[in-house]
Structures are given as C-alpha cells and as structure tokens.
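[1] predicted model and sequence below, questions to follow.
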Amino acid sequence: MATASEVRKQFLDFFKSKAHKIVESAPIVVKNDPTLMFTNAGMNQFKDYFLGNKNAEETRVANTQKCLRVSGKHNDLEEVGVDTYHHTMFEMLGNWSFGDYFKEESIAWAWELLTEVYGLDKSRLYVTVFEGDPDDNLKADNEAVKIWEKYIKKDRILLFDKKDNFWEMGETGPCGPCSEIHMDLRPEADRNTVDGASLVNKDHDQVIELWNLVFMQYNRKADGTLVNLPSTHVDTGMGLERILRAVNGKHSNYDTDLFMDTIHKLEELSKKKYGEDEKIDIAFRVIADHVRAVSFAIADGQLPSNEKAGHVIRRILRRAIRYGYSFLGIEQPFICELIPGLASKFEATFPSLKAQEDFVKRVVEHEEHSFLQTLGNGLRIFDQYAARGEKTIDGKSAFELYDTFGFPKDLTDLVARERGMTVDSAGFEKELAIQRDRSRADAKKESGDWIVIREDEKEEFVGYDYLSTDVKLTRYREVKVKNKTKYHLVFNITPFYAESGGQVGDTGMVTGRNNGEKVEILDTQKENELIIQIADKLPEDKEQTFHAEVNGERRTNTAYNHSATHLLHAALKEVLGDHVNQKGSLVDPKHLRFDFSHFEKVKPEELERIETIVNQKIRASIPLLEERNVPYDEALNKGAMALFGEKYGDVVRVITFDPNYSVELCGGTHVANTAEIGSFKIKQETSVAAGVRRIEAITGARADQYVRDRLLKLEEIHALLGSPQDISKAIQSLMDNNAALKTELDKYQEKEVGQLKSSIISNKINKQGFEAITAKISLANAAQVKDLAYQIKNEVDPVFCALFADLEGKPNITVMISDSLVKERGLNAGQLVRDWAKKIKGGGGGQPFFAQAGGSDVSGLSEAEEEAKKYIESL
C-alpha cells in the first residue's frame with residue numbers, strides 16, 4: 001500500500017520536474033489577513049500575488065499546505081467522521097502559476113500525474129467544466145472542454161453551474177472558472193448498475209472530487225461586476241487524504257496510514273475495535289481527524305480559548321473528547337496520548353509539531369481535564385432541568401447548557417433520549433440563530449472597491465530609517481464597520497509601521513504639500529503584505545504630494561518595549577531553560593506583554609533574577625546590530641531565533657543585541673542602543689493556558705514612575721504603622737491581631753445567626769406537606785444568609801424558606817427548597833429569585849433547590865416578601 005509520504009513526494013517531485021519551486025507550508029494559523037482565522041486553502045499565502053499587491057519572485061510554485069476548514073463558507077465540522085471524506089485539517093497539494101502557464105498545461109499535467117504517475121484507472125475518472133452564467137454574462141468554458149477532449153471521452157466531461165465550477169476568493173477579488181477531476185471508487189457491480197456521471201457533485205461518498213484546477217482570469221468588483229485581470233493565474237488544490245485513498249483503492253480516507261496509525265493507538269486505549277460498530281467507528285474517525293487539527297494549530301501558535309480562533313480549536317478538541325466519552329467510554333484524558341505518534345509521523349514534513357511535542361501534549365491534557373469536568377457539571381445541570389418533571393427540555397435551557405456551560409447539544413439529545421425525554425431543537429436553533437445574528441452584526445464589515453489614483457508595483461516601507469517623508473496616494477477605499485465609515489489609504493512609500501509581530505501600528509499625520517490639508521492616521525494595519533493607513537476622512541486633493549509623519553513619541557516608547565521584549569526572551573531562556581519559547585506578545589507605547597512556554601509558575605526569586613538580567617543588559621549600552629535581507633538559512637546558522645507558527649521568506653531581518661545573548665528574526669522597530677530603554681520593571685506574572693505563562697512589564701519613564709509610586713506607598717504604610725524599624729514584622733503582627741479579632745467576630749456572628757434561626761423557625765407555617773418560612777432579617781453579608789438557610793433546611797424538612805435580608809443597606813433575597821419539594825412539585829428556586837429580584841431592582845439565580853439575588857433598592861424587600869407569601873399560598 002502506498003504511504004502518505006510516498007504520494008506526497010511523488011506530487012512534489014513531479015512539479016519540480018516541471019520547473020516549479022517547492023515552497024514550505026504557511027502556518028495553519030493566519031496572522032496578517034483580517035478576512036481569515038485559519039489557512040483554508042493552499043492559495044492563501046499567495047493572495048497578494050493574485051490581488052496585485054506584490055509581484056511573484058517565482059512564477060511557478062508547488063507545495064503541500066496545512067489547511068483547516070471548520071467555519072464560515074467551508075463549515076464541514078459536523079460532517080467530519082460521520083462520512084468518510086470530510087476533514088477539519090487536511091493537506092492541500094497544489095501547484096500555482098502567476099502569469100505563466102494557464103489551462104493547457106494545467107490540464108495536461110494533472111492528467112499526466114493522475115494516470116501515469118499515480119496510475120489511476122482512466123475509466124473511473126470524470127471532469128467538470130463551467131457551463132456559463134447569464135447573470136454574469138459569462139459563456140461556457142469551451143476552451144477547457146476542448147483541451148480535456150484530448151485526454152478523456154466527451155461523455156465524461158460534465159458541465160456544471162457557478163455553484164460548482166466558478167471559484168471566488170470572496171465577495172470581491174480574483175475569481176474564475178474551475179475544472180474539477182472526480183473519481184468513481186464504487187465496486188464494479190455498483191458502477192454497472194448506476195452510471196458514475198449521474199453521481200458527480202451529488203455528495204456520494206464513493207464518487208468524490210480529487211483535484212480542482214482554478215483558472216483565475218476575472219476580478220469581482222464591489223458592485224458585483226466582473227473585469228478581466230491584467231494577467232491570468234492558475235491555482236490548483238488536491239487533498240492528500242483523497243488522492244491517497246484513490247491510489248490505494250480504499251473506500252474511506254481513514255483507511256490509509258494517515259489515520260490508521262492513530263486509530264490503532266486509539267483501539268489500544270479504548271479496548272474497542274474499529275470496523276465492528278458504525279457508531280464506534282464514527283467516534284474513531286472523529287478523534288483521529290480532530291487530534292491532527294488541534295495539534296498542528298497549537299504547534300502553530302493558536303491555543304484553545306473562548307475567543308475567535310481559540311474558540312474554534314477548543315470546539316474541535318471538545319468534540320473529540322465528547323465522542324471518546326460518549327461512545328468509547330473513556331472518562332480520563334486520552335487524546336494527549338495520541339500526540340507522540342502523530343508528531344513522529346509528520347516530523348519530516350512538518351517538524352514544528354515534533355519540536356513542541358511535550359508542550360502540545362500538556363496543553364491538550366489540561367483541556368481534557370477541564371472539559372471532562374465540564375461534562376460532569378453539565379450532567380448535574382441537566383439533572384436540575386429534568387427535576388422539573390417535564391418531558392421536554394426547552395430550547396432556552398438546552399441553549400444555556402450549550403452556551404453557558406459548554407455542554408454540547410447532541411450530548412443533551414443523547415442524555416434526554418436515555419431518560420425518555422426530548423429536546424426542543426427548534427427552540428434551541430432559534431436561540432442559536434439569535435446569537436449568530438448578533439455576532440454577525442458585531443463583525444459586519446463592508447469594503448468598497450479600491451480606487452486607483454496611480455499605478456505602483458509595491459508600497460515600500462521606509463520607517464526603519466525615517467519617521468517622516470513625502471508620499472503619494474496610490475489607492476484608497478471606503479470601509480464601513482458597525483455603521484462607522486473609515487478610509488483605507490495606500491501610499492507609494494510609507495514611514496508608518498503596520499501592526500504585526502505583536503507590535504501595534506503607527507499613528508501620525510499626512511499633510512498636503514499643495515493645500516496644507518491634514519489627515520490624521522488613526523492606525524496602520526497589514527492586509528496580507530499590503531500596508532494600509534486608516535483615516536476617518538479623505539484628502540480633497542488626492543493627486544498632490546503629502547508629507548507623512550509618524551507620531552515620534554509613540555513610536556519611540558513602542559521601540560523601548562519591543563527591544564525590552566527581546567532582552568526578556570533571552571533572560572527567560574537563561575533563567576528557566578531552553579524549553580522557553582515565545583507564544584505571543586503585545587508591544588505598545590505603554591507596556592509589553594510576553595507569553596511563553598513554561599509549565600509552572602515562575603518563582604519570585606526567578607522573576608527577580610530575570611528582571612536583574614534585563615536591566616544589566618540595558619545598563620551595558622549594547623548597540624543594535626540590524627541586518628536586512630539575510631538569507632533565511634544563513635540567519636539560522638548565525639543562531640537567530642525563529643518563532644514557531646511564523647512564515648518567513650527567503651530573506652529575513654535579523655535583530656541582534658550582543659551575538660552571545662539575543663539574536664532574533666524580527667520585523668519590528670527597535671532602539672539603537674539598549675541604554676535608551678532606561679529601565680525595565682516586571683508588573684506581574686500570570687497563567688494564560690496550560691503550559692503558557694505571561695509576563696507584563698513596563699520600561700523607561702513609566703517604569704521609573706511605577707517604582708517611585710511604590711516607594712511612596714511604602715513610606716505611607718511605614719508612617720501609618722508608627723514608623724517601626726522592621727516594617728514586615730509590624731505588618732505580620734497587625735495581621736495576627738486581625739485574625740484573632742476575626743475569630744472572635746465569627747463566634748459572635750455564629751451565635752447571632754443561631755438565635756435568629758431559632759426565632760425564624762418558631763414562626764414557620766405548616767402547609768399541606770411542607771413547612772413554609774418567610775422572614776425579613778438584617779445580617780452582614782450574603783454568606784451569612786446562605787449559612788442560615790442551610791441551617792434551617794437541616795432542621796426543618798420538607799421546607800420552603802424565603803429570606804429577605806438587609807445587608808447593611810444592600811438587599812438580598814435567598815430561597816431554599818427541600819429536594820423532595822423540587823422533585824415532587826417541580827419548584828425552582830433560581831426562577832423564583834429571578835422574578836422576585838425585580839422588586840429590588842436586581843437579579844440573580846442558582847439551582848432549583850437554592851438561589852440568591854441581589855439588587856440596588858432595599859426598600860423593595862417588603863414587596864418581594866409579599867410576592868413570596870402569595871406564591872406560597874398558591875402551592
């Protein structure tokens with residue numbers, strides 16, 4: 001059986017023989033493209049060539065690209081594992097032409113590789129071609145049809161509409177007709193019964209698309225019209241998983257070595273066999289797919305979180321954990337155990353995972369522990385919903401489980417079925433739609449077409465050497481975000497640094513040389529490699545020369561923090577060890593934030609040593625050595641530190657502060673000498689995620705002021721304590737006295753609560769089947785009220801207790817209900833306090849048996865108590 005390594009190598013060798021340069025995969029996590037969170041196609045790293053923002057140094061390239069498709073237009077997540085040919089992460093084998101060859105060569109080479117190199121059965125292949133579209137005034141791609149007729153019978157050339165055979169980058173931008181190659185992998189008996197041509201593009205799991213050849217020849221404008229591109233391009237993509245399956249004649253993508261090694265390890269961990277039960281098989285496939293996606297995303301710099309890209313990775317990982325929990329019966333972390341085998345398998349092709357194997361494994365294990373606890377909590381919350389006695393879990397509750405508690409909807413369905421209940425799926429979808437609409441509204445962005453003022457091949461950044469220069473406007477566009485209009489400006493040259501590498505973008509001013517008109521630059525961003533200056537107005541005279549000037553003070557302070565970040569990184573490695581690697585950073589004029597891999601809290605003495613080293617390097621007055629356009633391999637040989645998850649070009653910029661201390665690849669702005677930084681002070685060290693710590697620090701005048709403020713505060717404390725000789729001893733004595741007084745106060749309050757409890761219980765009212773208690777009380781805090789409620793519950797059973805407390809001017813409502821009443825009568829303390837809290841202008845919640853609410857209007861307590869009494873009377 002052909003292996004993935006062999007099939008991948010055959011592809012790359014073939015296109016190398018056709019004069020293509022083989023380039024590395026870009027990271028799976030996208031950094032400088034605001035339209036994407038993840039690389040979802042092989043062409044992403046070449047967008048600037050297609051958009052005309054940058055000229056291609058090589059006109060023919062090929063590679064294998066790590067891709068992830070789980071959201072937006074390419075939302076395949078729920079199909080993954082259920083069918084046999086969808087994936088979250090996949091390898092896209094691709095070849096590209098930038099203004100070089102076009103349809104003739106693309107089709108010829110695709111056919112040659114598939115039929116002669118891979119030896120696919122020609123009788124099983126079909127090709128699709130664009131049939132034209134009258135709305136866009138486009139005719140059928142007869143040119144592609146004629147070329148295909150040289151290689152394949154006419155009845156195997158199928159015409160399809162724009163949905164299937166016209167590829168577009170987005171709502172605007174380069175686009176064109178495409179030609180797909182499909183393969184019928186069904187058994188001969190099935191092929192003899194039903195013609196394969198009738199199953200192409202019908203989502204049949206055995207008649208699948210192998211390769212898409214996109215012929216970019218148009219540009220879609222904001223008004224929907226199409227214009228011809230200045231030159232034509234080719235963009236092809238073939239999933240390694242599918243071609244590997246086809247070469248081996250398998251009926252599933254998962255039946256190849258890409259996944260079976262992981263599946264075999266999973267069999268060992270779960271004590272279950274793959275291929276015996278379809279539900280269990282789906283779980284095997286889901287986990288084998290998802291562990292690959294999550295591992296490479298983490299290795300490329302995206303940690304699981306609750307926001308944006310991090311939320312996507314957490315969602316994928318939790319789906320895998322849940323399938324293991326529900327169908328394989330695994331109730332402890334197990335996905336982390338699959339990572340070593342995966343890292344070894346891909347070491348030759350994507351070495352970053354092997355290099356960070358221990359780090360990735362620890363992050364995943366931490367996430368597994370956390371989510372397994374979430375599943376347990378979710379089941380307890382489900383029990384509370386079920387205790388209402390209703391046969392249906394309403395949509396709002398199902399959505400609350402999903403959105404607030406992280407409990408997957410399909411697991412809610414599963415648990416409900418096991419208990420003879422149903423879930424209001426329509427109500428759930430309604431709540432989900434409301435959330436999605438809200439998210440779309442928040443993220444909505446409308447961009448107009450670029451208006452070209454003058455042609456310019458490339459915008460040149462001169463900001464390393466100049467903070468001001470004369471510039472000309474080359475193009476602009478209007479952008480609306482949340483109904484606010486901004487303008488994107490592009491100049492022929494620019495001193496403004498665009499946000500990247502953790503460093504914020506420059507601000508400043510451009511002034512017209514002809515009329516003196518000023519346009520403030522609010523921010524500078526990158527869109528792929530295009531530097532965009534953002535303003536809230538357009539200059540009236542767009543043809544004139546402008547004088548562009550960066551906010552110098554802001555840039556200088558940012559440079560202090562960026563250079564200090566490099567010194568900090570090196571100090572961390574020196575003190576903590578070589579396992580420390582950067583996992584994220586933020587550098588702005590006010591402070592620096594540095595995330596790094598480390599598996600325990602940094603000790604105070606270690607932080608002190610790190611801070612001392614950085615300040616020693618500052619005082620050493622180390623000059624900056626900046627080297628530009630250094631060949632990448634040469635830079636690494638010099639000892640330059642390259643960051644995981646970053647995509648570097650053939651030539652790089654090297655920033656050195658002492659060749660024996662700090663040498664990094666970096667595109668940011670820096671001080672000319674470390675002495676300019678002045679001083680460095682760590683403010684705090686915290687945890688970001690499993691295996692990732694964060695240091696926040698300040699430099700220069702801000703650091704000096706911070707130290708002065710702390711010393712002044714220390715002097716104030718010293719004076720308040722009576723100016724003792726040993727301030728630490730005086731504070732410890734004060735703390736000891738305070739603890740002793742608190743113990744006495746607790747005893748007094750405990751006695752007070754006990755007396756209050758007796759008084760309240762003596763006024764209980766006997767109802768049919770339970771005791772009812774309502775009381776207005778005054779205590780110090782909500783914890784005391786809670787303690788009182790539990791004491792009453794322990795002495796009176798069954799009981800319905802509602803306490804309305806004045807906590808030194810702050811209202812509190814506490815409801816405690818015996819478990820038997822909750823179960824038998826479907827009572828819910830959480831819902832009751834939410835309703836009654838309106839009387840005190842507040843809110844709250846809790847569990848069916850116990851809940852509390854706070855508010856701002858203590859005068860409403862009496863009215864709330866009356867509501868409670870009426871409710872009790874109705875029971």
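    That came in fine, so what should we check first? Quick caveat, the model's predicted, so the values are computed rather than measured.
[2] mind listing what the nearest residue to residue 393 once chain neighbours are set aside touches?
    Nearest residue to residue 393, sequence neighbours excluded (Cβ to Cβ, 6 or more residues apart in numbering): residue 423, at 4.8 Å. From N, CA and C alone the C-beta is placed, and that goes for glycine too. Contact analysis of residue 423 by Cβ atoms under 8 Å, 6 or more residues apart in numbering lists 392-393, 395, 398, 409, 412-413, 416.
[3] where does residue 423 land on pLDDT?
    You'll see residue 423 listed with a pLDDT of 92.
[4] okay, who's weakest in the contacts of residue 423 by pLDDT?
    pLDDT is lowest at residue 409 among those; the value there is 82.
[5] and the gap between the residue nearest to residue 393 and residue 823?
    According to Cβ to Cβ, to the nearest Å, residue 423 stands 21 Å off from residue 823.
[6] could you do residue 522 as well?
    When distance is defined by Cβ to Cβ, residue 522 is 59 Å away from residue 823.
[7] for residue 791, same thing?
    Distance from residue 791 to residue 823, by Cβ to Cβ: 22 Å.
[8] when the two are compared, which one has more neighbours?
    Ranked by neighbour count (other Cβ atoms under 10 Å), residue 791 and residue 823 place residue 791 first, with 18 against 15.
[9] quick one, helices of the stretch 251-400 of the chain?
    Taking DSSP state H, counting those that start in this stretch as the criterion, the stretch 251-400 of the chain carries its helices at 257-270, 278-299, 308-327, 339-345, 352-355, 357-386, 395-403.
[10] and the fourth one, what other elements does it pack with?
    When contacts are defined as 3 or more Cβ pairs under 8 Å, 6 or more residues apart in numbering; DSSP states H and E, helix 339-345 sits against helix 257-270, helix 278-299, helix 352-355, helix 357-386.
[11] flag every buried residue along it.
    Across helix 339-345, burial judged by 16 or more other Cβ atoms under 10 Å covers 339, 342-343, 345.
[12] over to the last one?
    Using 16+ other Cβ under 10 Å as the test for burial, helix 395-403 gives 395, 397-402.
[13] relative to residue 699, which of those is nearest.
    Of all the buried residues of helix 395-403, residue 699 sits closest to residue 402, with 44.1 Å by Cβ to Cβ.
[14] so how far is residue 848 from the closest one?
    In this view, residue 402 and residue 848 are 19 Å apart by Cβ to Cβ.
[15] just the helices in the stretch 551-700 of the chain please.
    Using DSSP H, counting those that start in this stretch, the helices assigned to the stretch 551-700 of the chain run over residues 552-576, 604-619, 632-637, 700-720.
[16] hey, which of the ones you listed is tucked in deepest?
    Highest mean neighbour count among those (mean count of other Cβ atoms under 10 Å): helix 552-576, with a mean of 22.
[17] how far does that helix sit from the chain's center?
    Put simply, helix 552-576 sits 26 Å off its chain's centre (Cα atoms, centre = their mean, to the nearest Å).
[18] could you give the angle of that helix to helix 700-720?
    Here helix 552-576 points in a direction 70 degrees away from that of helix 700-720 (axes from the mean of the first three to the mean of the last three Cα atoms, to 10 degrees).
[19] you'd agree residue 648 is up against residue 640?
    No: counting by Cβ atoms under 8 Å, residue 648 sits too far from residue 640 to count as a contact (10.0 Å).
[20] quick one: average confidence on the top helix by length along the chain?
    The longest helix of the chain (DSSP state H) is helix 727-762. Helix 727-762 shows a mean pLDDT of 88.
[21] show me what counts as buried in that helix.
    730, 753, 756-757, 760-761.
[22] check which helices and strands that helix is in contact with.
    If you count contacts as 3+ Cβ pairs under 8 Å, 6+ apart, helix 727-762 packs onto helix 700-720, strand 770-778, helix 782-795.
[23] which of the ones you listed sits closest to residue 318?
    Taking Cβ to Cβ, helix 782-795 is the member of those nearest to residue 318, at 32.3 Å.
[24] can you list contacts of stretch 179-199?
    Around stretch 179-199, the neighbours that count as contacts under Cβ under 8 Å, 6+ apart are 103, 107, 110, 114, 120, 124-130, 141, 144, 148, 155-156, 158, 164-165, 200-201, 206-213, 215, 245-246, 249-251.
[25] buried residues, it. List them.
    Buried-residue list, stretch 179-199, by 16+ other Cβ under 10 Å: 179-186, 191, 196, 199.
[26] ok, those vs residue 266, which is closest?
    Nearest to residue 266 among the buried residues of stretch 179-199 is residue 185, at 24.9 Å by Cβ to Cβ.
[27] for residue 284, give me the pLDDT.
    As predicted, residue 284 sits at a pLDDT of 97.
[28] please read the previous query as pertaining to residue 721.
    So, for residue 721, pLDDT stands at 89.
[29] now do residue 845
    In this model, residue 845 is scored at 83, pLDDT.
[30] surely residue 378 touches residue 404?
    No: with contact defined as Cβ under 8 Å, residue 378 does not reach residue 404; the gap is 9.8 Å.
[31] between these two, who's got more neighbours?
    Between residue 378 and residue 404, counted using other Cβ under 10 Å, the more crowded position is residue 378 (21 against 10).
[32] the more buried one: what's it in contact with?
    With contact set as Cβ under 8 Å, 6+ apart, residue 378 has these partners: 401, 405-407, 411.
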